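S.K.: I'd like to go over a predicted model; first the sequence, then the structure.
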Amino acid sequence: MRIDVITIFPEYLTPLELSLIGRARREGLVDLHVHDLRQWTHDRHRTVDDSPLGGGAGMVMKPEPWAAAFSGVRESGQAALGTDVEPLIIFPNPAGEPFAQSTAQEWSRCEWLVFACGRYEGIDERVYQHLADVGCEVALASLGDYVLNGGEVAVLAITEAVVRLVPGVVGNAESLIEESHAAGLLEYPVFTRPASWTDPAGVVREAPPILLSGDHGKIAAWRQEQSEARTRERRPDLLAPLDEDAAGS
Ligand SMILES: Nc1cc(-c2ccc3cc[nH]c3c2)n[nH]1
């Protein structure tokens with residue numbers, strides 16, 4: 001998988017050099033490139049924004065640098081990939097489609113993702129129109145109903161959620177199956193040693209004895225029951241589709 005990120009704050013993306021994602025890059029499972037949008041400006045001040053037409057607070061990102069950036073990244077990406085494959089262009093945007101585990105699973109199968117990090121009050125709408133008119137595949141993704149100052153934090157989260165699903169990135173692929181949202185449920189509670197722990201308040205806390213039984217069938221059943229109970233309690237909305245399916249079967 002190739003990933004390109006276009007941003008005016010490239011240093012915001014340095015966490016992608018760390019840990020699991022960093023290792024995936026070093027092992028060649030992911031080819032990730034971060035680009036400073038200002039490299040596609042030509043004035044002395046390397047201007048990427050201007051006042052909103054029609055007035056209003058803040059600044060809007062100018063269309064020219066973005067159009068040049070997409071063109072440049074497309075050219076370098078296709079040269080590196082050795083094909084005329086087109087990327088999926090993803091704009092983190094509070095007005096976008098909610099990003100969910102199902103989105104991460106879909107995008108983890110893409111050959112090439114290009115992330116565009118907006119800032120200020122957003123990007124001139126004509127950039128989106130231009131990309132659509134030249135046939136680019138574009139997605140607007142929201143991390144949730146809250147407002148960030150730009151797209152970089154969203155790209156960190158989306159990239160981690162997507163790349164960890166790329167085969168070979170997570171050592172134990174089985175762990176991807178049982179985690180929250182992977183199967184439409186919240187994951188079960190986990191415990192480790194000591195089986196009996198006296199907490200700082202002097203309370204003795206025992207791990208569920210079933211987990212020490214060695215009966216893997218019963219343990220699996222207990223974990224499924226815990227996932228369903230936890231989902232019903234905390235996220236009944238996740239069960240609605242599953243309940244409908246069950247009712248219809
Ligand atoms: N889910 C979510 C996305 C954003 C977001 C994404 C891009 C920009 C650019 C300027 N402000 C932004 C905010 N906030 N919340």
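M.R.: Sure thing, it's come through. Numbering: from 1, shown residues only.

S.K.: please make it C-alpha for all contacts and neighbour counts, starting now.
M.R.: Will do.

S.K.: in this protein, which helix or strand is least confident?
M.R.: helix 174-178 (a mean of 72; mean pLDDT, DSSP states H and E).

S.K.: can you list contacts of that one?
M.R.: Leu165, Ala182, Ala183, Glu187 (CA atoms under 8 Å, 6 or more residues apart in numbering).

S.K.: helices of the chain, start to end?
M.R.: In the chain, the helices defined using DSSP state H lie at 19-26, 63-81, 101-107, 125-133, 152-163, 174-178, 216-234, 236-248.

S.K.: between those helices, which one is closest to the ligand.
M.R.: Nearest of the helices of the chain to the ligand, taken as CA to the nearest ligand atom: helix 152-163 at 6.4 Å.

S.K.: now do the closest one: which elements does it pack against?
M.R.: helix 101-107 (3 or more CA pairs under 8 Å, 6 or more residues apart in numbering; DSSP states H and E).

S.K.: would you put the C-alpha positions of the helix it packs on in CSV?
M.R.: Provided in CSV are the C-alpha atoms of helix 101-107 (Å, rounded to 0.1, in the frame of the first residue of the first chain):
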residue,chain,number,x,y,z
GLN,A,101,-14.1,0.0,11.3
SER,A,102,-15.9,-1.0,8.1
THR,A,103,-14.3,2.0,6.3
ALA,A,104,-10.9,1.0,7.7
GLN,A,105,-11.4,-2.5,6.4
GLU,A,106,-12.4,-1.2,2.9
TRP,A,107,-9.6,1.2,2.7
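
S.K.: and Tyr128, how far from Ala95?
M.R.: Separation of Tyr128 from Ala95 (CA to CA, to the nearest Å) stands at 13 Å.

S.K.: what of Trp66?
M.R.: Distance from Trp66 to Ala95, by CA to CA: 19 Å.

S.K.: these two - which one has more neighbours?
M.R.: More neighbours surround Trp66 than the other of Trp66 and Ala95, with 24 against 13 (other CA atoms under 10 Å).

S.K.: okay, now the domains of the protein?
M.R.: The record's domain parsing of the chain by automatic domain parsing lists 2-163, 182-247.

S.K.: for those, which has the smallest mean pLDDT value?
M.R.: When these are ranked by mean pLDDT, domain 182-247 comes last with a mean of 93.

S.K.: could the domains of the chain go into TSV alongside distance to the ligand?
M.R.: TSV is the format used below for the domains of the chain (distance: least, CA to the nearest ligand atom, whole Å):
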stretch	distance to the ligand
domain 2-163	4
domain 182-247	20
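
S.K.: return the most buried member of the ones you listed.
M.R.: Highest mean neighbour count among the domains of the chain (mean count of other CA atoms under 10 Å): domain 2-163, with a mean of 16.

S.K.: off-centre distance for that one?
M.R.: In terms of CA atoms, centre = their mean, to the nearest Å, the centre of domain 2-163 is set 12 Å apart from its chain centre.

S.K.: now do the end-to-end distance for that domain.
M.R.: 10 Å.

S.K.: so what touches the longest strand seen in the chain?
M.R.: Determined from DSSP state E, the single longest strand within the chain is strand 88-98. Here strand 88-98 makes contact (CA under 8 Å, 6+ apart) with 110, 112-118, 136-147, 151, 154-155.

S.K.: the same query, at a cut-off of 7 Å, please.
M.R.: Contact partners of strand 88-98, identified using CA atoms under 7 Å, 6 or more residues apart in numbering, comprise 112-117, 137-145, 147, 151, 154.

S.K.: okay, the angle between it and helix 125-133?
M.R.: 120 degrees (axes from the mean of the first three to the mean of the last three CA atoms, to 10 degrees).

S.K.: Leu239 and Leu176, how far apart?
M.R.: Taken as CA to CA, the span from Leu239 to Leu176 is 20 Å.
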